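> Provide a 3D model corresponding to the input given below.
(one chain, ligands or ions: 1)
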Amino acid sequence: MTTVPRLTDAERDAALSSLPGWVLRADGLAICKTFRFGDFAEAFGFMTRIAIQAEKADHHPEWFNVYNRVEITLTTHDAGGLSTRDVALARAIEQAA
Ligand SMILES: C[C@H](O)[C@H](O)[C@H]1CNC2=NC(N)=NC(=O)C2=N1
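Numbers count the residues shown, from 1 in each chain. Predicted coordinates for the structure are as follows:
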């Protein structure tokens, strides 16, 4: 059941143009960005700040962490692609970085 509408291509492109470093995944269904920090503690602190906001919003990132690197993918499972929830979370992540 789809409870969240997917972004149109125009909405997606407009959102991406205002999110530096975020790129569309090859299948067009997600946006991605890799963040690098000074060490693991900084990377994990960043992830912790995001986790609190993600839980409050009930919208969660897919991510992969090695030492100081955090690779993040955002997509809306309930929509089968990108929604305004991914854009909102990407903006919150930028604030947390
Ligand atoms: C039941 C719960 O509200 C849903 O599964 C939420 C949880 N977090 C989620 N996170 C993401 N990224 N996409 C979703 O569709 C989603 N759905």
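> Next up, phi/psi of Val23, please.
With angles defined as degrees, to the nearest 10, Val23 sits at phi -130, psi 150.
> Give me the neighbour count for it.
12 (other C-beta atoms under 10 Å). From N, CA and C alone the C-beta is placed, and that goes for glycine too.
> Now it: closest residue in space, sequence neighbours ignored.
The shortest distance from Val23 to any non-neighbouring residue, by C-beta to C-beta, 6 or more residues apart in numbering, is to Cys32 (5.7 Å).
> Next, work out how far apart that neighbour and Ile72 are.
In this view, Cys32 and Ile72 are 7 Å apart by C-beta to C-beta, to the nearest Å.
> So those two - more neighbours on which side?
Using other C-beta under 10 Å, the more surrounded residue of Cys32 and Ile72 is Ile72, with 22 against 18.
> Quick check: bridge partners of the residue sitting nearest the centre point of the chain?
In the chain, the centroid-proximal residue (C-alpha atoms, centre = their mean) is Leu74; its distance is 3.8 Å. Counting by DSSP bridges, Leu74 is bridged to Ile31.
> For Thr75, see how far away Asn65 is.
Taken as C-beta to C-beta, the span from Asn65 to Thr75 is 18 Å.
> And the helix ranked longest in the chain, what's buried?
For the chain, the helix with the greatest residue count under DSSP state H is helix 40-57. Along helix 40-57, these residues count as buried under the neighbour rule (16 or more other C-beta atoms under 10 Å): Ala43, Phe44, Phe46, Met47, Ile50, Gln53, Ala54.
> Can you give me the separation between the fourth one and Asp27?
Plainly put, Met47 is 25 Å away from Asp27 if you go by C-beta to C-beta.
> Now do the buried residues in the helix or strand just after the longest helix of the chain.
Note on helix 40-57: by DSSP states H and E, the next helix or strand toward the C-terminus is strand 62-66. The neighbour-count check on strand 62-66 (16+ other C-beta under 10 Å) flags Trp63, Asn65 as buried.
> what lines up beside strand 62-66 in the sheet?
Under the rule (DSSP bridges), strand 62-66 has strand 69-74 (antiparallel) as partners.
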